[in-house]
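Fold the following.
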Amino acid sequence: MKRNKYQNPARLRSLTFLSLVRSGTSASEARRLAHTTTRTVRRHVGSALSRDPRTRRIVAKPADTFRRDVNVLNAEGYMPVTTRSSKQASLASRHLIAISRFLRTGDTAWLKPFIGKSVGGVELLTDPDRLQIMGDADLVKLDALYRNNPGGGREK
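Just a heads-up that it's a prediction; the model follows:
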């Protein structure tokens, strides 16, 4: 299977670095955890980084427009979607986490923030009955967010 430039492992590690920095991890720790280098990070996500004027430390801008190929869970299963918004990718990720928590606890409160929301034009699945059926059939995989991950989703 031939990878496109958006599925480049170095790019995905750089996006992981960016996510870690946004969550409060220091840049040096984030590089170590993401198994990447400063040069690779600058090449792939440099435009989403800046320096704090007071401390001169590297910080991440609140959002970016890098392309991300993600899987979104809807009524038919995982649907491949391309998004150009870190906020949309984050929404898709939080949705999968909420689904996992719902399936573990049975508490529908986890799904309420996602009712009526969509990512890339695909409405997020929030029907508890449908989710329970999919969960019982082992069709819900938490590691299926990114399309190049063999854990879930359909190939484009």
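
From now on I want contacts and neighbour counts done on CA atoms only, so please keep to that.
Will do.

dump the residue contacts of residue 35.
The contact partners of residue 35, taken as CA atoms under 8 Å, 6 or more residues apart in numbering, are residue 13.

Report the secondary structure element holding the residue of the chain most remote from its centre.
Farthest-out residue of the chain from its mean C-alpha position, per CA atoms, centre = their mean: residue 54, at 30.5 Å. For residue 54, there is no helix or strand it lies in under DSSP states H and E.

so who does it touch?
Per CA under 8 Å, 6+ apart, neighbours of residue 54: none.

and what of residue 26?
residue 58.

Could you tell me the phi and psi values at the residue farthest from the centre of the chain?
As for residue 54, its main-chain torsions (degrees, to the nearest 10) stand at phi -80, psi -50.

pLDDT score for it?
At residue 54, the pLDDT value in this model is 95.

Over to residue 130?
pLDDT recorded at residue 130 is 95.

do the same with the one 10 residues further on
Reading off the confidence values, residue 140 has pLDDT 84.

what about the closest residue in space to it that isn't next to it in sequence, distance to residue 70?
Leaving out its chain neighbours, the residue that sits closest to residue 140 by CA to CA, 6 or more residues apart in numbering is residue 134, at 6.3 Å. As judged by CA to CA, to the nearest Å, residue 134 and residue 70 stand 19 Å apart.

next one: residue 38
In this view, residue 38 and residue 70 are 25 Å apart by CA to CA.

same deal with residue 87?
In this view, residue 87 and residue 70 are 12 Å apart by CA to CA.
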